[in-house]
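3D model of this:
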Amino acid sequence: MNPRHHFAFFDEGSKKEIRRALLKAVAIPGYQVPFSSREMPIARGWGTGGLQITLSLIGRQDILKVIDQGSDESVNAVSIKKLVQKTTGIRVTDTTSEATLIQSRHRIPEVPLTEDQILVLQVPTPEPLRNVEASEAKTKILHSEEEYSGAWLQLFEQIMKYGRAATGADHPVYVHNRYVMAPSPIPRFDNPQMNQSEALILLGAGREKKIYAVPPYTDVRSLAFDDYPFSIESFDGKSCRQCGSTEVFLDEVFHPDTGHVEFQCNDSSYCLEQLNASPQGKEESSYV
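Residues are numbered from 1 along each chain as shown. Purely as a prediction, here's the structure:
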């Protein structure tokens, strides 16, 4: 820990202000709580909202995991881990089950989370109605009146054009049967993991100065019409080229030697855990 900085970078007043916003967000699931987003030593748009939540909550006994689109070793993930470590001295891990605090960009880990864990999601655009209404004042009114016809219209237009919901990521969800919420740009595959999650899920948008939350054991359902039900990305018949896992979110990987597209676990630490659990996998692993 660097003695020139406060523990976890922020002064106690800043932490308290962010914690108060978090308490309100937990009390009103899915509601976007404004907060005074601080200047950070990383650029806005690179996870400042999530990082501010992490720095406000982390304690000396916590164990931190940071992932970026499933990877523990991306530039964004490594940089955030270094900043938190230098200002706290806490331990970091790549193992999901070990972590007490997990900060993520664009993914929810494959390993189910528990009541002893907090998941912090980085959010670029917290307003699910922004594509249909540019005015912040008007979107606040729409939320207060539970007027979500614009979100339903976007979904209808996708079905008319493509024959299905074509949301690649950030598919809006209903939280606690009240607020429509942007779940952060996680793939549709991850949306069901928010429903009745044992872990507390906190979402932060630094550039937009918003914090919102999904408390444990909260109903979260993805927007869908009865005759066009919500569906996740399908990987039927496919498995990870490294560990052989199925029923996980897979990335397409082009193999230059064969000229074929293969598949690999998006969650890198999950893949390594599966390999290490297999004696044969330990010997044959060529994970890159």
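
going forward, measure contacts and count neighbours with C-alpha atoms only.
Fine.

okay, now Gly150: neighbour count?
Look at Gly150: counted by other Cα atoms under 10 Å, it has 16 neighbours.

Give me the local confidence score for the residue lying closest to it once chain neighbours are set aside.
With Cα to Cα, 6 or more residues apart in numbering as the criterion, Gly150 has its nearest non-adjacent residue at 6.0 Å, and that residue is Val132. Looking at Val132, its pLDDT is 93.

Check the gap between Val132 and Ile186 for me.
To Ile186, Val132 is 21 Å away according to Cα to Cα, to the nearest Å.

more neighbours, those two?
Comparing Val132 with Ile186 by other Cα under 10 Å, the one with more neighbours is Ile186, at 22 against 13.

Please tell me I have it right and the more buried one contacts Pro109.
No. The pair Ile186 / Pro109 is not scored as a contact, 10.6 Å apart, by Cα atoms under 8 Å.

Tell me the first helix or strand C-terminal of the host helix or strand of Asn76.
Using DSSP states H and E, Asn76 sits within helix 75-88. Following helix 75-88 in sequence order, the next helix or strand is strand 91-92 (DSSP H and E).

so the helix or strand just after that next one versus helix 75-88, what angle?
As assigned by DSSP H and E, the chain's next helix or strand after strand 91-92 is strand 101-105. With axes from the mean of the first three to the mean of the last three Cα atoms, to 10 degrees as the basis, strand 101-105 and helix 75-88 are set at 150 degrees to each other.

Who are the packing partners of the following helix or strand past strand 101-105?
Sequence order places strand 118-122 as the next helix or strand after strand 101-105, per DSSP H and E. For strand 118-122, the elements it packs on are helix 48-57, strand 101-105, strand 200-205, judged by 3 or more Cα pairs under 8 Å, 6 or more residues apart in numbering; DSSP states H and E.

Quick one: closest of the ones you listed to Thr87.
helix 48-57 (9.1 Å; Cα to Cα).

Pull the residues that contact that closest one.
Residues from elsewhere that reach helix 48-57 (Cα atoms under 8 Å, 6 or more residues apart in numbering): 8-10, 14-16, 18-19, 37-38, 40, 42, 80, 84, 101, 103, 120-123, 202-207, 209-211.
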